Structure formats: C-alpha cells, structure tokens
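1. Next comes the sequence, and after it the predicted model I'd like to discuss.
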Amino acid sequence: LVSLILVRYLYYPTARRKDYLFTYLLISATVFLLCFLLENVKLQLGFALGMFAIFGIIRYRTNPIPIKEMTYLFMVIGLAVINALSNKKVSYSELLFTNLIILFVVFGLERLWLLKHESSKIIIYEKIELIKPEKYKELMADLEERTGLNIRRIEVGRVNFLEDTAKLKIYYFENENINAADQEDSEYRYSNDDDDD
C-alpha cells in the first residue's frame with residue numbers, strides 16, 4: 001500500500017513514466033512477498049542486504065536508469081524489505097511512523113519544495129556556424145524557437161564538418177505541457193526543410 005502511494009501518487013504525476021510505474025509496483029510486491037515468505041529463515045539482515053546487492057548487479061547489466069528513477073527503485077525495495085521483515089520487536093506504530101516519514105519526505109521534495117526536474121535532449125543540429133562560443137545567444141534563441149522549449153543551457157558534442165552537423169545536448173525544465181514522449185532522451189534532426197514548411 002505504501003509503495004502504491006509512493007509510486008502512483010508521488011512519482012508518476014511528476015515523471016509520467018508508465019514503464020517505471022509498472023516496474024516499481026511489481027518489484028515492490030515481489031520483494032515484499034519474497035521477504036515475507038522467507039521471514040522464518042533467520043537471515044533477515046543478510047537477506048535484505050543481498051536483495052540490494054542483486055538489484056545493484058541488475059542495474060549494471062541493463063540499460064542505464066536515471067538517478068531519480070534509481071532512487072525511487074531503492075525506496076520501493078527498502079519499503080518492501082522494512083515492511084516484510086518487521087518482527088514483534090517493532091510495533092505497528094513505529095512501522096507506520098517509518099512509512100509516513102518516507103512518504104512525507106518524498107512529498108515535500110516533489111510537491112512542496114517544488115524542485116524542478118531538469119531534462120535533456122540530444123539534437124543533431126545543422127547550423128554549425130552558431131556553435132561558436134561567441135554565438136551562444138543566437139544558438140540558444142534558434143533552438144528555443146525551433147523546439148518550443150525554454151532552454152537553460154547547451155552542451156556541444158561531436159561536430160561533423162563533412163555533413164555540417166553537430167550533436168548538441170540541450171537542458172530544460174519540464175513543465176506540464178510536455179508529453180511523455182518528450183521526457184525520454186531522443187534525437188531529432190532539424191534541417192532547413194523545417195523552415196520551408
């Protein structure tokens with residue numbers, strides 16, 4: 001229940017990532033049931049640490065997970081282990097207090113403190129004359145006009161002088177008008193053909 005509140009009502013409204021929503025809920029349920037069913041085996045602390053180690057290894061064997069999503073994964077696993085392995089020495093009020101503290105901290109950081117989430121996009125850009133440091137403001141104005149995003153900063157990556165393109169990474173703060181497809185790093189090719197439309 002706590003993981004459902006954490007993931008569905010605190011994480012999902014800001015991130016809008018259904019793939020992670022699905023993953024977090026299933027991992028939470030699986031870890032909780034696994035720990036709960038194996039509670040009789042007196043390996044509680046070692047078992048809990050082993051679960052974190054397993055997911056740490058999985059993290060390095062799969063596609064990179066963004067830091068924020070990795071933090072939520074850690075919280076979901078932690079809550080499942082805490083709730084499943086609590087014994088008679090821990091009262092229900094202490095367990096409830098622990099769960100509520102975690103939820104309130106996340107709620108405070110996500111909603112009340114209004115931490116803006118900085119997102120990024122990789123763009124293949126054809127106007128390489130604008131990538132010079134002295135033309136930074138022109139580059140930013142051009143990209144803001146073409147993408148419709150309020151860009152905070154730009155990093156210039158690989159430059160291909162044969163094709164007159166440069167790989168740029170733009171950083172912007174997410175807002176409610178951006179759809180879910182825009183929240184993943186994606187590549188776009190902006191060409192002069194777009195200006196003709």
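-> Right, received. Where do you want to start?
2. nearest residue to residue 149 other than its sequence neighbours?
-> Sequence neighbours aside, residue 172 is the residue nearest to residue 149 in space, at 4.5 Å (criterion: CB to CB, 6 or more residues apart in numbering). C-beta coordinates here come from the backbone N, C-alpha and C atoms, glycine included.
3. Residue 12: which element?
-> Assigned by DSSP states H and E, residue 12 belongs to helix 12-15.
4. May I have the phi/psi pair for residue 90?
-> phi -110, psi 120 (degrees, to the nearest 10).
5. should've said residue 169
-> phi -120, psi 120.
6. Equivalent analysis for residue 87, please.
-> Torsion angles, degrees, to the nearest 10, at residue 87: phi -120, psi -170.
7. any idea how far it is from residue 171?
-> To residue 171, residue 87 is 47 Å away according to CB to CB, to the nearest Å.
8. and the two? which has more neighbours close in?
-> Comparing residue 87 with residue 171 by neighbour count (other CB atoms under 10 Å), the higher total belongs to residue 171, at 14 against 7.
9. Could you confirm the more buried one falls within a helix?
-> No. Applying DSSP: H, G, I helix; E, B strand; the rest coil, one finds residue 171 to be strand, outside a helix.
10. Do I have it right that it meets residue 119?
-> Yes. Using CB atoms under 8 Å, residue 171 is in contact with residue 119, at 7.3 Å.
11. Helices of this protein, start to end?
-> Remark: helices assigned in the chain by DSSP state H are 2-4, 12-15, 18-37, 44-61, 67-85, 92-107, 136-147, 192-196.
12. Would you map out the domains in this structure?
-> With automatic domain parsing as the criterion, the domains of the chain are listed as 2-112, 118-196.
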